[in-house]
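K.L.:
Need coordinates for the below:
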Amino acid sequence: QVQLVESGGGLVQAGGSLRLSCAASERTFSTYAMGWFRQAPGKERKERDFVAGINWNGGSTLYADSVKGRFTISRDNAAITVYLQMNSLKPEDTAVYYCAASVPGYGTRLRDDYNYWGQGTQVTVSS
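P.N.:
Predicted structure coming up:
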C-alpha cells in the first residue's frame, strides 16, 4: 500500500504563493493518477473538495473552476512526487490540503476514485 506524505503548507498573506509537495513511498506511483483535495474548516471528510488532478504520465490535468489559472499541478515520476503550485492565494483557499492516488491512471475529479490518501497539510491565507 503506497504511503503519501504532504509538505509545504503554511501561513501566507493573500496574493502570495505556496508550493505543496506529496512524496510517495513506492514506484508504483508512476502508474497512478494523482490528485489534490482540500477540506475547509468545519467541513467533514465527505465534503473534501477536488482541487486538481493529473494522469499517470502528466499529459492530462484537471482543475476546479475556483483555482483554474492560479494553481498548477505537476509530477515527477523519477522523484515519485506530485506538486501543487498555488499562486494568487485568497483567504477562501484556507484549508487542509490532501494528496491522493487513484490506481486507474487516468485523471479524475471524483473523491471515491482515489484509493490512497495522505495525512494533509494546513494552508492558511490571511487577508
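K.L.:
only C-alpha atoms for contact and neighbour calcs from this point on.
P.N.:
Noted.
K.L.:
what residues are up against the residue nearest to the spatial centre of the chain?
P.N.:
Note on the chain: the residue nearest the mean C-alpha position is residue 36, at 2.1 Å, using C-alpha atoms, centre = their mean. Neighbouring residues of residue 36 by C-alpha atoms under 8 Å, 6 or more residues apart in numbering: 50-53, 84, 97-100.
K.L.:
Pull up the gap between it and residue 74, please.
P.N.:
According to C-alpha to C-alpha, to the nearest Å, residue 36 and residue 74 sit 11 Å apart.
K.L.:
any shared contact partners between those two?
P.N.:
residue 84.
K.L.:
Just the contacts of residue 36: which are in strands?
P.N.:
Using DSSP state E, the subset of these located in strands is 50-53, 84, 97-100.
K.L.:
Please convert these to a markdown table, extending it with distance to residue 44, neighbour count and pLDDT.
P.N.:
As requested, the ones in strands among the contacts of residue 36 are exported to a markdown table (distance: C-alpha to C-alpha, whole Å; neighbours: other C-alpha atoms under 10 Å; pLDDT from 0 to 100):
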| residue | distance to residue 44 | neighbour count | pLDDT |
| --- | --- | --- | --- |
| 50 | 14 | 21 | 98 |
| 51 | 16 | 24 | 98 |
| 52 | 19 | 26 | 98 |
| 53 | 21 | 31 | 98 |
| 84 | 22 | 23 | 98 |
| 97 | 13 | 27 | 98 |
| 98 | 13 | 26 | 98 |
| 99 | 16 | 31 | 98 |
| 100 | 17 | 28 | 97 |
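K.L.:
Let me have these in a markdown table, extended by distance to residue 22.
P.N.:
Formatted as a markdown table, these follow (distance: C-alpha to C-alpha, whole Å):
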| residue | distance to residue 22 |
| --- | --- |
| 50 | 16 |
| 51 | 14 |
| 52 | 13 |
| 53 | 13 |
| 84 | 9 |
| 97 | 10 |
| 98 | 9 |
| 99 | 6 |
| 100 | 9 |
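K.L.:
So residue 9 is in contact with residue 123, correct?
P.N.:
Yes - between residue 9 and residue 123 a contact is recorded at 4.9 Å, counting by C-alpha atoms under 8 Å.
K.L.:
Those two: which is more packed in?
P.N.:
Taking other C-alpha atoms under 10 Å, residue 9 and residue 123 do not tie; residue 123 has more neighbours (22 against 18).
K.L.:
Appreciated, that's everything.
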